[in-house]
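>>> Could you work out the structure for the sequence below:
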Amino acid sequence: MNLDELKTAWQEYDRKLQTTQTINEKVIVSMIKERSSARYSKVRREYILGFIWMLICLFMGCAVLLGNPFDYDLRIQYAPTVIFCGCIIILLAAMIRAYLDLQNITISHNNLDVSLKKIIAVYERPQKFLWYTVIVFLFTQVFLFPLSFLPHSIERLGLWVALAERLIPISIAVLMLFIAHKLGAFKERHKNKFKEDLSELQELRSMSAELLS
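Residues are numbered from 1 along each chain as shown. Below you'll find the model as predicted:
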């Protein structure tokens with residue numbers, strides 16, 4: 001085999017190698033896209049379900065304020081429900097904004113990295129105020145709501161027995177929150193998965209660029 005034949009054979013081998021690399025990259029990118037798209041659809045469904053649940057909670061809170069099903073005698077007894085409804089409204093507004101932002105993102109093969117960055121940006125938007133809202137919401141439901149029944153309990157049982165009785169639902173709620181925390185109920189799992197997809201995509205394209213250079 002002379003030099004020209006060797007050069008031609010090498011060029012043909014290089015062309016096949018590049019073609020194979022391109023095909024492999026497209027297959028892997030398609031896999032990442034399908035995985036991200038499935039998770040993206042799941043996230044939007046979860047937002048809709050969360051939105052419906054929040055509306056139900058808000059309706060129940062308003063029913064308490066308007067109908068007084070617990071036979072409250074003092075205005076202060078309504079305070080936990082008022083705080084509850086206020087927190088629900090704030091969280092609903094945040095959910096609507098995030099959902100609309102996600103609705104404007106379209107995942108495709110050509111803009112997969114850009115789409116993933118936009119989705120991650122929605123998750124990483126400054127949310128300190130929302131965390132404060134969630135903390136107030138949980139504190140209200142765990143501690144203040146059970147104490148709103150204290151006046152009636154005092155009338156029936158006396159001060160100290162009534163306080164002891166109110167500690168039962170508070171303790172149960174605290175225990176449930178602790179178990180939920182340990183089980184990872186408050187962790188944001190989707191954001192990390194999207195980050196893993198983006199990292200995998202960037203690593204793939206970096207390796208592809210090195211092989212083709």
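
>>> burial of the nearest residue to Ala79 once chain neighbours are set aside, as a residue count?
Among residues not flanking Ala79 along the chain, Leu144 sits closest, at 6.9 Å (C-beta to C-beta, 6 or more residues apart in numbering). In this view, the C-beta of every residue, glycine as well, is placed from N, C-alpha and C. Leu144 has 17 neighbouring residues, counting by other C-beta atoms under 10 Å.

>>> Leu144 contacts Val82, doesn't it?
No: counting by C-beta atoms under 8 Å, Leu144 does not reach Val82; the two are 10.3 Å apart.

>>> give me the low-pLDDT residue ranges for this structure?
1-28, 109, 126, 184-186, 207-213 (pLDDT under 70).

>>> one more time with 80
Applying pLDDT under 80 to the chain flags the ranges 1-33, 107-112, 124-131, 177, 180-191, 200-213.

>>> what's near enough to touch the residue nearest the centre of it?
The C-alpha lying nearest the average C-alpha coordinate of the chain belongs to Glu188 (C-alpha atoms, centre = their mean; 5.3 Å). Applying C-beta atoms under 8 Å, 6 or more residues apart in numbering to Glu188 gives the contacts Tyr123.

>>> Now with 10 Å, please.
Tyr123, Glu124 (C-beta atoms under 10 Å, 6 or more residues apart in numbering).

>>> Tell me how far stretch 48-58 lies from the chain's centre.
15 Å (C-alpha atoms, centre = their mean, to the nearest Å).

>>> Actually, stretch 44-63.
That offset, for stretch 44-63, works out to 15 Å (C-alpha atoms, centre = their mean).

>>> Ok, stretch 61-73 next?
32 Å.

>>> now the end-to-end length of it.
Its start and end residues considered, stretch 61-73 measures 17 Å (C-alpha to C-alpha, to the nearest Å).

>>> Show me the helices in the protein, by range?
Along the chain, counting by DSSP state H, helices occupy 3-67, 79-103, 112-123, 128-139, 145-147, 150-157, 159-182, 189-212.

>>> Which other helices and strands does the third one contact?
Other elements packing on helix 112-123 under the criterion 3 or more C-beta pairs under 10 Å, 6 or more residues apart in numbering; DSSP states H and E are helix 3-67, helix 79-103, helix 189-212.

>>> Can you tell me which of those is most buried?
Of those, the one with the most neighbours on average (mean count of other C-beta atoms under 10 Å) is helix 79-103, at a mean of 16.
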